[in-house]
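Trainee: fold the following and give me the result.
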Amino acid sequence: MDTGRMAKILYIDCFSGISGDMMVGALCDLGVDLLFLRNELKKLDITGYDIHCKEIKAGSIKAKKFTVNVAGPQLYRNFEDIKKIIGESSLDKEIKKISLDIFHLIAEAEAVIHDYDISKIHFHEVGAVDSIIDIVGTAIGLKFLKIGSFYSSNVPLGSGFVGGSHGELPVPAPATLEILKKVPVYGGNFDFEVTTPTGAAIIKTLTAKFGEIPGMEIEEIGYGAGSKVKKETPNILRLIMGTGTGKIEPCEESLILLSANIDDSTPEIIGYLQETLLKDRVLDVWIEPIYMKKNRPAFKLCVLCGKESECEIIDKIFSESTTLGIRREEVKRYSIDREIKTIKLPYGEVRIKTGIYRGKKVNISPEFESCSKLAEKTGKPLKEIYQDVILFFSRR
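Mentor: Take a look at the predicted model:
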């Protein structure tokens, strides 16, 4: 088994802020092919636009400027519209997840600020074509570069006022501040909006740790240009990509554990609920057999999720189960980086998940669904396919 291969690290150096177009431009500068990006974006059911990426000078630094040209007016879209567009596309599952996680953060922030139900939030600027392309384009670019972990500098906010569909708003915009709760920020010497809600959601979704550049061996540097022309500080986003060196500690996450004791339901309904939750924005779902009053056999449903999806999961549990109450705990989890990829066996392809700790691959797990489909297709026993995957890596 090859355990010496290092995982790719991306450090987001947002010394002049971050926006969706700056992120995609910097990813293109790192090597994301524009034709590949254009073809991937065609998988979305959206028309009436084109994308361009050209090299410009931002101050004295060469950078890539990414733009989305939209032909004619576009419809406003709410969160449900965007989930449908992304969910029904043929994009990779990981790309869909990153994109929807970013949009969920924005929708959640808008719902809090304007006191709306999250499903009814109209994104206005963020629901426009260019914002959808920026967010999904970011997810496509990250998948293309095969990044394993993300770090970021502290986030500058800027000052002044910015116009929008809700009128003129103070900088930082209310949505940007709401998204960046519990993220280290500072004002910076800027008289304009340097971090947009889209940029804030991208960095909050991706980043495991904020602060200085981690121990890494630099491979590539990408620069993405913003829209402001400033002599003092160039309006660019810098992405630094490399491999880990030295000791990289496991990531500490603050998560929510939801649980409920259920003694008046059938195994089939509990099983359906578990499968339904696993399709949502949860990290894990499991069932524990327990005994309740009068020695009644029962189920304990346990769901691990992030704070951003907590309300959505609670609604699902109450809707799909017979429980009258849900317990909530804040828990800490240490996790290592993971990477999902497809390997080619002599008789077909299998998706695998690898665990990466301190820059080395320490665990390999074949994905059950892809292995079972291959077993049905070839007639080979499932256990032999699992063994072949392990053998494949032991020979590398």
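Trainee: any stretches of the stretch 251-396 of the chain with poor pLDDT?
Mentor: 251, 281, 358-359, 395-396 (pLDDT under 70).
Trainee: quick one: the helices in it, in order.
Mentor: 267-278, 310-320, 368-378, 382-394 (DSSP state H, counting those that start in this stretch).
Trainee: chain center to the first one: distance?
Mentor: Right, helix 267-278. 25 Å (CA atoms, centre = their mean, to the nearest Å).
Trainee: domain assignment for this structure?
Mentor: For the chain, the structural domains run 8-244, 251-335, 337-394, going by automatic domain parsing.
Trainee: what about the shortest one, start to end distance?
Mentor: Taking CA to CA, to the nearest Å, domain 337-394 runs 21 Å from one end to the other.
Trainee: distance from the chain centre to it, please.
Mentor: Worked out by CA atoms, centre = their mean, domain 337-394 lies 23 Å from the chain centre.
Trainee: count the neighbours of Tyr223 for me.
Mentor: By the other CB atoms under 10 Å criterion, the neighbourhood of Tyr223 contains 24 residues. From N, CA and C alone the C-beta is placed, and that goes for glycine too.
Trainee: for it, helix, strand, or coil?
Mentor: Counting by DSSP: H, G, I helix; E, B strand; the rest coil, the backbone at Tyr223 sits in strand.
Trainee: which one is it nearest to, not counting chain neighbours?
Mentor: Among residues not flanking Tyr223 along the chain, Ala63 sits closest, at 3.7 Å (CB to CB, 6 or more residues apart in numbering).
Trainee: picking up where we left off before, minimum distance to Val112: which of the helices of the stretch 251-396 of the chain has it?
Mentor: helix 310-320 (11.0 Å; CB to CB).
Trainee: gap between the closest residue to Gly355 other than its chain neighbours and Lys279?
Mentor: In space, and not counting its chain neighbours, Gly355 is closest to Asn363: 3.6 Å by CB to CB, 6+ apart. Taking CB to CB, to the nearest Å as the measure, Asn363 falls 24 Å from Lys279.
Trainee: higher neighbour count, those two?
Mentor: Neighbours around Asn363 and Lys279, counted as other CB under 10 Å, are more numerous at Asn363. The numbers are 13 against 8.
Trainee: and the host helix or strand of Gly242, what does it pack onto?
Mentor: Element membership of Gly242 [criterion: DSSP states H and E] is strand 236-244. Helices and strands touching strand 236-244, by 3 or more CB pairs under 8 Å, 6 or more residues apart in numbering; DSSP states H and E, are strand 8-13, helix 20-30, strand 216-225.
Trainee: mind putting these in TSV, mean pLDDT and distance to Ser149 included?
Mentor: Shown next, in TSV, are the helices and strands packed on strand 236-244 (pLDDT from 0 to 100; distance: least, CB to CB, whole Å):
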stretch	mean pLDDT	distance to Ser149
strand 8-13	93	5
helix 20-30	97	15
strand 216-225	94	10
